[in-house]
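[1] what would the 3D arrangement of this be:
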Amino acid sequence: MRRVLVERNRYVDSVFLMRIGLQLEALDGVSHATVAMGTPANLDNLAAVGFAFDDRGPITPQDLLLALDVDTEEDVAAAHARLEELLAGAAPSDRTTKVRPASLAEAIEIDPTLNLALISVPGAYAAREARKALHQGLHVMLFSDNVSIQDEIALKEDAIGRGLLMMGPDCGTAILNGVPLGFANVCRAGAVGLVGASGTGIQEIASLVHRHGGGLSQAIGTGGRDLSAAVDARMTRFGIDALAADPRTEVIVVVSKTPAPEVGNRVIEALAEAGKPGVVSFVGGERRNPAGDILFAETLADAALLACRAIDVRLPERSTTGASAQAGTPSYPSPGGRLVGLFCGGTLCQEAWNLMDRGGFDVRSNVAGDPAKRVHPEEPIDGHVLWDLGDDAFTVGKPHPMIAPSLRDDEVVRSGEDPSVGLLLVDCVLGYGAHEDPAGSLAEASRAALADAQARGSELSIVASVTGTDEDPQRRRSQVETLVAAGVVVADSNADAARLAMTRLKGGTP
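    Residues are numbered from 1 along each chain as shown. Okay, the predicted model is just below:
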């Protein structure tokens, strides 16, 4: 049976709530559990998967929802009790926190040195809180989504007028003065400055710069809509100006999904005026020749290489690590085996699709740049397909797969049971905010998929990329070793993984 419990006027940060549902689903008798705030988007998502709400009054974004699919009323009570335990455990204790400010103004009064506010509240309140922070002289990282485009433009104009960063809405990644914010990796300090409208795009470039021996001055997130025609790259251009004035930054890298053409040109003009070498990575954009000191990267990996070369970093030799390096001969998909890509990072999925499309492969995807090749998860797909599993169509009532990779892992197992699948292409994103051991769960799912294929006499290969550094909490080297031990081929970058997949689809060897 399905039940929705509503707790009035009980706000809990949405990032924390994403992690709770899986813990509740581990209880006996609970087949589904969603814990979320009562925003219109969350209400629509729950209704779409069959949850009904009673008529005891309107639900507001300040109300906490617990949506359950359970066997009995006793299971409802057990899940609710466990939720209370988890929420109580999340509250800071008096032993670890001396003060718990109840407002932004109180926080500033307690510590006048604060200079940034990270805001994650329901979209209906997000713009108001961001405006308060800007008027207090704070930079803002706005994690919240469901903020209107009009509010975004107004906030960014306000911030620029005050000389402040307004990162977001829907900004999940930044590294400022060496401090990782949101979903971010641990990278050494250095001379590469990043401005990005793509979270996983920033993560891939930043991690590769670190692994090449370079380092970051800053990584400024802007929110995914910043390079839209309406927002006109306001924060991207402001970020370029900020990095141009930063003595620690010697090269400026801009990363985004394909922008509106006129907006992309203004970004390039801003880079040209910065007076420093620039690298542009418009994922899915057209190939372009260098323009003065500005270079255009075809892939995120190329952007990292070009940035490091611009500051004379001595690059290490490249290698591909994985099953191909182990004793014995790895299995290869037959020419008829189709490709299934399962991505946690939306930009990583789009980059892989773009490379394969340019490589002449007929690949469908929910992030395809060609509308004719764009598909929805409910559509039956017979040929090659790449899925961005972080898309709303997959995450209704579920946490993002970077936080809880079970969504991706379940798909890996199912693909292994499908005799038409000869090759799986996956990503594994590390860093703060991500799952504590994404490679561990992916390795377990990969072993099951490979065993199923072997049992029926089919050939299956799994190719992965691991975005992160050895300084991340998950330790990239350890994550790679875990995947290799499970029979997964791990490439140096997301682009290399896509290229290796194409080689194997053609029946070749690395």
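
[2] give me the buried positions along the strand or helix carrying Glu152.
    Element membership of Glu152, judged by DSSP states H and E, is helix 149-162. Neighbour-count burial for helix 149-162 flags 151-152, 155-156, 158-160 (criterion: 16 or more other Cβ atoms under 10 Å). Just so you know, the C-beta spots here come from the backbone N, C-alpha and C atoms, and that holds for glycine as well.

[3] make TSV from the residues you listed and add distance to Gly215 and pLDDT to it.
    Compiled in TSV, the buried residues of helix 149-162 are given as follows (distance: Cβ to Cβ, whole Å; pLDDT from 0 to 100):
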residue	distance to Gly215	pLDDT
Asp151	35	97
Glu152	31	97
Leu155	31	98
Lys156	28	98
Asp158	32	98
Ala159	27	98
Ile160	28	98
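
[4] please state the offset of the helix holding Glu152 from the chain centre?
    Per Cα atoms, centre = their mean, to the nearest Å, the displacement of helix 149-162 from the mean C-alpha position of its chain is 24 Å.

[5] and it, what does it pack onto?
    helix 123-135, strand 139-142, strand 166-167, helix 234-244 (3 or more Cβ pairs under 8 Å, 6 or more residues apart in numbering; DSSP states H and E).

[6] where in the stretch 351-500 of the chain is pLDDT low?
    Where the stretch 351-500 of the chain drops to pLDDT under 70, the residues are 396-397.

[7] can you give me the strands in it?
    Counting by DSSP state E, counting those that start in this stretch, the stretch 351-500 of the chain has these strands, from start to end: 363-365, 384-388, 421-429, 461-467, 489-491.

[8] just checking the distance from stretch 450-470 to the centre of its chain.
    Between the mean C-alpha point of stretch 450-470 and the mean C-alpha point of its chain there is a distance of 22 Å (Cα atoms, centre = their mean).

[9] ditto for stretch 277-288
    Using Cα atoms, centre = their mean, we find the averaged C-alpha position of stretch 277-288 to lie 20 Å away from the chain's own average C-alpha position.

[10] quick check: the two most widely separated of the buried residues of helix 149-162?
    Within the buried residues of helix 149-162, two members stand farthest from each other by Cβ to Cβ: Asp151 and Ile160, at 14.9 Å.

[11] picking that back up, what are the contacting residues of the helix holding Glu152?
    By Cβ atoms under 8 Å, 6 or more residues apart in numbering, the residues outside helix 149-162 that reach it are 127, 130-131, 134, 137, 139-140, 142, 165-166, 168-169, 223, 225-226, 228, 230-231, 234-235, 238.

[12] give me the distance between the two termini of stretch 179-188.
    According to Cα to Cα, to the nearest Å, stretch 179-188 extends 10 Å from its N-terminal end residue to its C-terminal end residue.

[13] ah, wrong one, I meant stretch 470-483
    Stretch 470-483 stretches 15 Å from its first residue to its last (Cα to Cα).

[14] next: stretch 46-64.
    Using Cα to Cα, the end-to-end distance of stretch 46-64 comes out at 13 Å.

[15] quick one: buried residues of stretch 265-280?
    Applying a neighbour-count criterion of 16+ other Cβ under 10 Å, the buried positions in stretch 265-280 are 266-268, 270-271, 274, 276-280.

[16] same question, stretch 486-504
    Within stretch 486-504, the residues that qualify as buried by neighbour count (16+ other Cβ under 10 Å) are 486-502, 504.

[17] Ala453: what's it in contact with?
    Contact criterion Cβ under 8 Å, 6+ apart gives 416, 459-460 as the residues in contact with Ala453.

[18] how does it look with 10 Å?
    The contact partners of Ala453, taken as Cβ atoms under 10 Å, 6 or more residues apart in numbering, are 331, 333, 337, 415-419, 421-422, 424, 459-462.

[19] put the alpha carbons of stretch 190-203 into PDB.
    Listed next in PDB are the C-alpha coordinates belonging to stretch 190-203 (Å, rounded to 0.1, in the frame of the first residue of the first chain):
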ATOM      1  CA  GLY A 190      47.900  26.300  -9.200                       C
ATOM      2  CA  ALA A 191      47.500  28.600 -12.100                       C
ATOM      3  CA  VAL A 192      44.400  27.200 -14.000                       C
ATOM      4  CA  GLY A 193      41.200  29.200 -13.500                       C
ATOM      5  CA  LEU A 194      37.900  27.500 -14.400                       C
ATOM      6  CA  VAL A 195      34.500  29.100 -15.100                       C
ATOM      7  CA  GLY A 196      31.800  26.500 -15.800                       C
ATOM      8  CA  ALA A 197      28.100  26.100 -16.400                       C
ATOM      9  CA  SER A 198      28.600  22.400 -16.000                       C
ATOM     10  CA  GLY A 199      29.300  20.700 -12.700                       C
ATOM     11  CA  THR A 200      30.700  17.400 -14.000                       C
ATOM     12  CA  GLY A 201      32.500  19.300 -16.700                       C
ATOM     13  CA  ILE A 202      34.300  21.300 -14.100                       C
ATOM     14  CA  GLN A 203      35.000  18.100 -12.100                       C
END
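
[20] what average pLDDT does that stretch get?
    pLDDT averaged over stretch 190-203 equals 96, rounded to a whole number.

[21] please apply the same query to stretch 282-289.
    pLDDT averaged over stretch 282-289 equals 88, rounded to a whole number.

[22] and what about Glu74, helix, strand or coil?
    In three-state terms, and counting by DSSP: H, G, I helix; E, B strand; the rest coil, Glu74 is helix.

[23] what's the closest non-adjacent residue to it?
    Gly29 (7.5 Å; Cβ to Cβ, 6 or more residues apart in numbering).

[24] that older thread, highest neighbour count among the contacts of Ala453?
    Using other Cβ atoms under 10 Å as the neighbour test, those are led by Ile462, with 30 neighbours.

[25] show me what contacts that one?
    If you count contacts by Cβ under 10 Å, 6+ apart, Ile462 has them with 322-323, 331, 342, 412, 415-416, 423-426, 442-443, 445-447, 449-450, 453, 483, 486-490, 501.

[26] and these, which of them are in helices?
    In helices, defined here by DSSP state H, the members of these are 412, 415-416, 442-443, 445-447, 449-450, 453, 483, 501.

[27] tell me the buried residues within the contacts of helix 149-162.
    127, 130-131, 134, 139-140, 142, 165-166, 168-169, 223, 225-226, 228, 231, 234-235, 238.

[28] quick revisit: ok, the residue nearest to Glu74 - how many residues close by?
    By other Cβ under 10 Å, neighbour count at Gly29 equals 14.

[29] so for it, what's the pLDDT?
    In the prediction, the pLDDT value recorded for Gly29 is 90.

[30] returning to what we had before: could the helices and strands packed on helix 149-162 be laid out in CSV, adding mean pLDDT?
    Formatted as CSV, the entries for these read as follows, by pLDDT from 0 to 100:
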stretch, mean pLDDT
helix 123-135, 92
strand 139-142, 97
strand 166-167, 98
helix 234-244, 98
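
[31] no more questions from me, cheers.
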